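*Asks:* below is the sequence, then the predicted model.
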Amino acid sequence: MSLKDIMRERKAGGVLIKIVGHPAAVLIAKNVGMDFVFYDCEHGSLSYEKLHDLMVLGNQIGLPSVVRVPQLARGDVSKILDYGAQGVMVPMIESAEDARKLVEWSKYPPVGKRSYSGGANTNYGPSGGHAANMLNMNQRTLTIAQIETAEGVNCADEILSVEGIDAAIVGPCDLGISMGIPDNVMDVRELSAIEKVAEACRRHGKFFGIIGSMELMKYFKKDLDIIITAIDTNLLRAGMAASAEECRRLNEK
């Protein structure tokens, strides 16, 4: 089942990976019931070669991958999809022109202009069947615009009206910084901005998601299709902090 199919039935939850590049993390994510793994190549440290191997594993066990590439560039968008990602997200999308470029590089003709290459995206199968493969991958590929600036919010309708854009994910931290209110993502002004993106997604029949706290997820529960609140660095910090506190308690008299 593709990630799009899952989201047509229910909300999909994933774990964001920035630093943990071991295949065990993929297996654990699958075993605990995550719907996808979200790899962060904008702020994370994993190489594309490492991501290729992790995503091949995920595809084989039925755990799709979504990747945030570092920039709006053909080489990044197309390559990560050739490496087996089921979804690709570009940060700081602020206009319909940005969105059209993202579609051109992530979708095959007639929707976009993505160059064809077999590889991890076709499970390294034999060459041929290009038309069928392109149709299948266009239907499966999740092309995501990340909206995380005031300008992006203002242009949300134009961005989400672009054919081939499948979803918008809000980055509340950068959005708050852009709006001049960096320290409280629950500020009523930021909540109103996020709601504008959610409304634009509903108007245009696109999926809506947030990378953020569970507090935000609960606030936008009725709108959400994509939930990304578990982050590897946060999970490691919380687990270690809890263990350290337990050790301190053992030292108490």
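*Replies:* Arrived safely, thanks for sending. Residues are numbered from 1 along each chain as shown.

*Asks:* contacts, neighbours, all on C-alpha from now
*Replies:* Will do.

*Asks:* could you pull out the strands in this structure for me?
*Replies:* 12-17, 36-40, 65-68, 87-90, 142-147, 167-170, 207-211, 226-231 (DSSP state E).

*Asks:* so which of the ones you listed gets nearest Tyr108?
*Replies:* strand 142-147 (11.9 Å; Cα to Cα).

*Asks:* report the rounded mean pLDDT for that closest one.
*Replies:* Here strand 142-147 scores 98 as its mean pLDDT.

*Asks:* go on, stretch 246-253?
*Replies:* Stretch 246-253 comes out at a mean pLDDT of 89.

*Asks:* equivalent analysis for stretch 213-227, please.
*Replies:* On average, stretch 213-227 scores 97.

*Asks:* and the strands of the chain as a markdown table, adding mean neighbour count and distance to Gly75?
*Replies:* Below are the strands of the chain laid out as a markdown table (neighbours: other Cα atoms under 10 Å; distance: least, Cα to Cα, whole Å):
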| stretch | mean neighbour count | distance to Gly75 |
| --- | --- | --- |
| strand 12-17 | 22 | 21 |
| strand 36-40 | 25 | 16 |
| strand 65-68 | 25 | 13 |
| strand 87-90 | 25 | 12 |
| strand 142-147 | 27 | 15 |
| strand 167-170 | 26 | 21 |
| strand 207-211 | 24 | 25 |
| strand 226-231 | 21 | 25 |
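
*Asks:* make a markdown table from those and add distance to Leu46 to it.
*Replies:* Listed next are those as a markdown table, based on distance: least, Cα to Cα, whole Å:
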| stretch | distance to Leu46 |
| --- | --- |
| strand 12-17 | 9 |
| strand 36-40 | 8 |
| strand 65-68 | 11 |
| strand 87-90 | 16 |
| strand 142-147 | 20 |
| strand 167-170 | 21 |
| strand 207-211 | 19 |
| strand 226-231 | 14 |
